[in-house]
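Visitor: just coords:
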Ligand SMILES: CC(C)(COP(=O)(O)OP(=O)(O)OC[C@H]1O[C@@H](n2cnc3c(N)ncnc32)[C@H](O)[C@@H]1OP(=O)(O)O)[C@@H](O)C(=O)NCCC(=O)NCCS
């Protein structure tokens, strides 16, 4: 809630994600999510279809911690994973919000809802024939999903960084060239640009992780030019194996509002040689 302390709009409600990306349109709750207790928890879902991506979807929503109850898992027919047994309710709530959005996406794609289990490395285990990605920040959650066996998805939402968070990103997640680009322009503010580059790197990590199969750090990719209004390019700085060679460029889609930045990417990996 602290994110909204300086910006109270819409009669006291936080501004919606349409501010961050105008293509978001309201989504009507489907299936088990129509239960009042779940609508109260996830009240305002928005969605966007992504042209040119073979039916990929983004769904996003606020999730309200004060309406979270453990029983909501059962109500929504979602397994409560053992990794959440020791988690505080905020963490349980954000996990549930992501799975609920993923179920809505499956219904929109004409599929039955299938469990998205948790792998031992904590990444989501998407069912065969589906690729997706989940992110949450504060009280917002987003999910990117598409059909396909050889597709990769990545999504990330971040609060525009300030204070220590901004300093950490500038120091640990960007190199000197990237810092110079960000500090040398007036096209966007430094916090917005730093947040976008950080978020794009997290999106790239989620996108490639299923293929790479190991952790790789923020120095593995970098910007060489400033983003356009819609796209940020990241170039690999080292070889991640197979076709993921140094210099390979990934186009990450971006959206940004006064408080949040959003990034996402889908990749057809069927042409990649291993
Ligand atoms: C894994 C990581 C990307 C998650 O990002 P985050 O900002 O902490 O949190 P987000 O809310 O955006 O994302 C969390 C979701 O990511 C997903 N996730 C976790 N590990 C993942 C992985 N290895 N691969 C793909 N997705 C993963 C999960 O769905 C998780 O939500 P859930 O547990 O509720 O299902 C982050 O913790 C991390 O390790 N980053 C460092 C690696 C990196 O970004 N390198 C830069 C490469 S250029």
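Guide: That came in fine, so what should we check first? Owing to the predicted nature of the structure, the values given are computational and were not obtained by experimental measurement.
Visitor: Wait, residue 158 touches residue 136, no?
Guide: No. Assessed by Cβ atoms under 8 Å, residue 158 is found out of contact with residue 136, at 10.1 Å. C-betas here are computed from N, CA, C, even on glycine.
Visitor: shared neighbours, those two?
Guide: Here residue 158 and residue 136 have no joint contacts, going by Cβ atoms under 8 Å, 6 or more residues apart in numbering.
Visitor: Residue 213 is in contact with residue 240, correct?
Guide: No. With contact defined as Cβ under 8 Å, residue 240 does not reach residue 213; the gap is 9.8 Å.
Visitor: Which one of these two is surrounded by more residues?
Guide: residue 240 (19 against 11; other Cβ atoms under 10 Å).
Visitor: Against residue 215, how distant is the more buried one?
Guide: Taking Cβ to Cβ, to the nearest Å as the measure, residue 240 falls 11 Å from residue 215.
Visitor: now residue 162
Guide: Taking Cβ to Cβ, one finds residue 162 at 27 Å from residue 215.
Visitor: residue boundaries of the strands in the stretch 101-250 of the chain?
Guide: For the stretch 101-250 of the chain, applying DSSP state E, counting those that start in this stretch gives strands covering 117-118, 124-125, 130-137, 140-147, 151-159, 221-222, 231-236, 249-256.
Visitor: So which of these is the most surrounded?
Guide: Mean neighbour count (mean count of other Cβ atoms under 10 Å) peaks for strand 140-147 among the strands of the stretch 101-250 of the chain, with a mean of 26.
Visitor: packing partners for that one?
Guide: Using 3 or more Cβ pairs under 8 Å, 6 or more residues apart in numbering; DSSP states H and E, the elements in contact with strand 140-147 are strand 57-62, helix 89-108, strand 130-137, strand 151-159, strand 260-268.
Visitor: now the third one against strand 140-147, angle please.
Guide: So the one you mean is strand 130-137. Strand 130-137 runs at 170 degrees relative to strand 140-147, counting by axes from the mean of the first three to the mean of the last three Cα atoms, to 10 degrees.
Visitor: Now residue 117: closest residue in space, sequence neighbours ignored.
Guide: Sequence neighbours aside, residue 125 is the residue nearest to residue 117 in space, at 4.2 Å (criterion: Cβ to Cβ, 6 or more residues apart in numbering).
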